[in-house]
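1. Return atomic coordinates for the entry below.
(one chain, ligands or ions: 1)
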Amino acid sequence: MNEQVPLLELAGARAAYGPIQVLHGVDLKVHPGSVVALLGPNGGGKSTTMKVCAGLLPLTGGELRLAGRRVNGMTAQDAARLGVCSIPEGRGVFPNLTVRENLWAATGTGARLADLEEAAYSRFPILGERRHQLAGSLSGGQQQMLALSRALGTDPAILLLDELSMGLAPMIVTQMYDTVAQLVAEGLSVLVAEQFARVVLPIADTAALMLHGRVVASGRPGDIEDQLSSSYLGG
Ligand SMILES: Nc1ncnc2c1ncn2[C@@H]1O[C@H](COP(=O)(O)OP(=O)(O)OP(=O)(O)O)[C@@H](O)[C@H]1O
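-> As a prediction, this is how the structure comes out:
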């Protein structure tokens with residue numbers, strides 16, 4: 001049992017799109033310095049859970065806590081200020097801005113462009129080579145590298161990743177998750193939603209299986225292997 005106060009916690013979390021209730025009491029904990037993989041088939045509520053954690057969708061019941069503090073009404077700006085950053089599904093880079101301008105657009109939170117560039121280009125040298133290229137002309141993997149570099153500009157405590165692997169070649173996915181593992185070794189905590197468990201389980205401390213708006217099983221990946229039946233280990 002981990003008795004530390006979780007960095008991020010959902011307790012009985014409920015959320016809805018208008019009249020349609022989608023989360024029906026989600027329980028989830030992300031402890032400092034750990035990777036939690038939120039798994040499950042399409043439509044189970046993974047993206048909705050990520051939106052709630054990022055302050056993009058309000059709870060209709062239950063609690064969202066950051067470092068033990070109830071933050072139910074937090075906005076996306078509050079979340080960023082409190083150390084939560086997210087890369088949304090679709091990556092969230094500006095296609096009509098260059099790589100450098102995309103990094104510049106992440107300086108609103110107080111980070112210096114020179115520092116953002118140095119961190120981004122040393123982690124991903126290809127971004128340095130393409131700093132004057134429009135983000136929309138980069139490959140999917142390079143866009144994801146840029147999205148990650150932008151997100152890290154706020155020096156977050158916890159990173160929310162939704163379907164990092166989407167549309168990327170397997171080799172690039174492996175490379176991206178290697179980078180995530182490195183960031184975790186440097187102290188970052190990560191909540192990652194993935195439809196394809198195989199790509200993320202190697203770096204996950206905890207796997208949580210989500211079905212029909214609830215976390216139905218959670219534990220160390222090896223301990224909940226049975227529940228993570230082959231149908232959820234697709235891809
Ligand atoms: N904007 C929306 N308005 C209404 N219903 C929505 C909206 N977004 C998602 N839903 C519904 O909420 C449920 C959960 O969707 P969600 O996207 O959270 O699931 P998911 O597990 O992330 O699946 P996916 O991998 O397809 O994103 C689904 O039934 C979906 O149709």
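2. Please count neighbours and contacts with C-alpha atoms only from this point.
-> Will do.
3. Tell me the residues on this protein that lie near the ligand, please.
-> Counting by C-alpha under 6 Å from any ligand atom, the chain comes close to the ligand at 17, 22, 42-48.
4. try 5 Å
-> Remark: the part of the chain in contact with the ligand comprises 17, 42-48, using C-alpha under 5 Å from any ligand atom.
5. Show me what counts as buried in the helix or strand of the chain with the lowest mean pLDDT.
-> Ranked by mean pLDDT, DSSP states H and E, the helix or strand of the chain with the weakest confidence is helix 197-200, at a mean of 84. Within helix 197-200, the residues that qualify as buried by neighbour count (16 or more other C-alpha atoms under 10 Å) are 197, 199-200.
6. cool, and stretch 42-57?
-> Using 16+ other C-alpha under 10 Å, the residues of stretch 42-57 that count as buried are 44-57.
7. cool, and stretch 192-207?
-> Buried residues in stretch 192-207, counting neighbours by 16+ other C-alpha under 10 Å, are found at 192-197, 199-201, 203-207.
8. chain center to it: distance?
-> Averaged C-alpha coordinates place stretch 192-207 at 11 Å from its chain's average position (C-alpha atoms, centre = their mean, to the nearest Å).
9. and what of stretch 61-74?
-> Using C-alpha atoms, centre = their mean, the mean C-alpha position of stretch 61-74 is found 18 Å from that of the whole chain.
10. can you list the residues that contact that stretch?
-> In this structure, residues lying in contact with stretch 61-74 by C-alpha atoms under 8 Å, 6 or more residues apart in numbering are 5-15, 25, 53, 55, 58-59.
11. List the buried residues in that stretch.
-> Judged by neighbour count (16+ other C-alpha under 10 Å), stretch 61-74 contains these buried residues: 61-67, 71-72, 74.
12. avg pLDDT for it?
-> Taken as a whole, stretch 61-74 carries a mean pLDDT of 95.
13. export that stretch as CSV, just CAs?
-> Once non-C-alpha atoms are left out, stretch 61-74 reads as follows in CSV (Å, rounded to 0.1, in the frame of the first residue of the first chain):
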residue,chain,number,x,y,z
GLY,A,61,-20.3,14.8,-8.3
GLY,A,62,-17.4,13.4,-6.3
GLU,A,63,-14.1,15.1,-5.8
LEU,A,64,-11.0,16.1,-7.6
ARG,A,65,-8.0,16.6,-5.4
LEU,A,66,-4.5,17.9,-6.0
ALA,A,67,-1.9,17.1,-3.3
GLY,A,68,-4.9,16.4,-1.0
ARG,A,69,-6.6,19.7,-1.7
ARG,A,70,-10.1,19.7,-3.2
VAL,A,71,-10.1,21.6,-6.5
ASN,A,72,-13.5,20.7,-8.0
GLY,A,73,-14.1,24.0,-9.6
MET,A,74,-10.7,24.5,-11.1
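14. What is the nearest of the buried residues of helix 197-200 to residue 78?
-> residue 200 (28.1 Å; C-alpha to C-alpha).
15. List the residues that contact that closest one.
-> 37, 177, 194.
16. Against residue 86, how distant is it?
-> 17 Å (C-alpha to C-alpha, to the nearest Å).
17. Scan the protein for its longest helix.
-> helix 170-185 (DSSP state H).
18. Right, I'll leave it there.
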